[in-house]
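Student: Sharing a model prediction with you, sequence too.
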Amino acid sequence: MEHKVFVGLGSNLADPQVQVSQAMRELDNLPQTRVVNCSSLYRSAPVGYLDQPDFINAVAELRTALSPRDLLGGLLALEHRCGRTRDFINAPRTLDLDVLLYDGLRHHEHGLTIPHPQMHLRAFVLQPLLEIAPGCVIPGIGAAAEAARTCEDQRLEKIV
């Protein structure tokens, strides 16, 4: 059975535009997974730890037969191959991949919460998501478009 999944991508090290664009292509190489749509790239200010370069962000829509845990494993392996280290929370990174939505699932286990618990608060997630899924609903939150209105003060620049 195929599941509809949205994945957030971000990078602010080692040529971030290239990192995110390459990762979008690499998502197609995950087992039983195909990319069906990708947003434009967006530049955003860092969140949490502010003394770091701006991020390049995007959202990809996938169809996958992988379970949420197996999908997360594939995303973490891709991050690792791209040089991701986890020095501290919100540290600069070569690649960050997050499961944002998985069908209409609401799920929580150690290391994996779906929908992503901060997505409705972040313009750099919501704007690219709405670009490719304008009617998107975040389980337990509501319309992504409504959530985006609460983030209008966050600096975000569409670049490609």
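Tutor: Perfect, I can see it now.
Student: List the buried residues of the longest helix seen in the chain.
Tutor: Longest helix of the chain, by residue count under DSSP state H: helix 68-81. For helix 68-81, the neighbour count (16 or more other Cβ atoms under 10 Å) marks 68, 71-72, 74-75, 78-79 as buried. All C-beta spots, glycine's among them, are computed from the backbone N, C-alpha and C.
Student: From the contact counts, what lies against that helix?
Tutor: helix 16-27, strand 96-102, strand 112-114 (3 or more Cβ pairs under 8 Å, 6 or more residues apart in numbering; DSSP states H and E).
Student: Give me the helices and strands touching the last one, please.
Tutor: Using 3+ Cβ pairs under 8 Å, 6+ apart as the contact test, the elements touching strand 112-114 are helix 68-81, strand 96-102, strand 107-109.
Student: returning to that earlier point: can you tell which of the helices and strands packed on helix 68-81 is closest to Ala148?
Tutor: strand 96-102 (13.5 Å; Cβ to Cβ).
Student: ok, the residue lying closest to Pro92 once chain neighbours are set aside - how many residues close by?
Tutor: Spatially, and ignoring its direct neighbours in sequence, Pro92 is nearest to Gln52 (4.4 Å; Cβ to Cβ, 6 or more residues apart in numbering). Neighbour count for Gln52, taken as other Cβ atoms under 10 Å: 15.
Student: which residues touch Gln52?
Tutor: Applying Cβ atoms under 8 Å, 6 or more residues apart in numbering to Gln52 gives the contacts 12, 46, 91-92.
Student: This completes my enquiry, with thanks.
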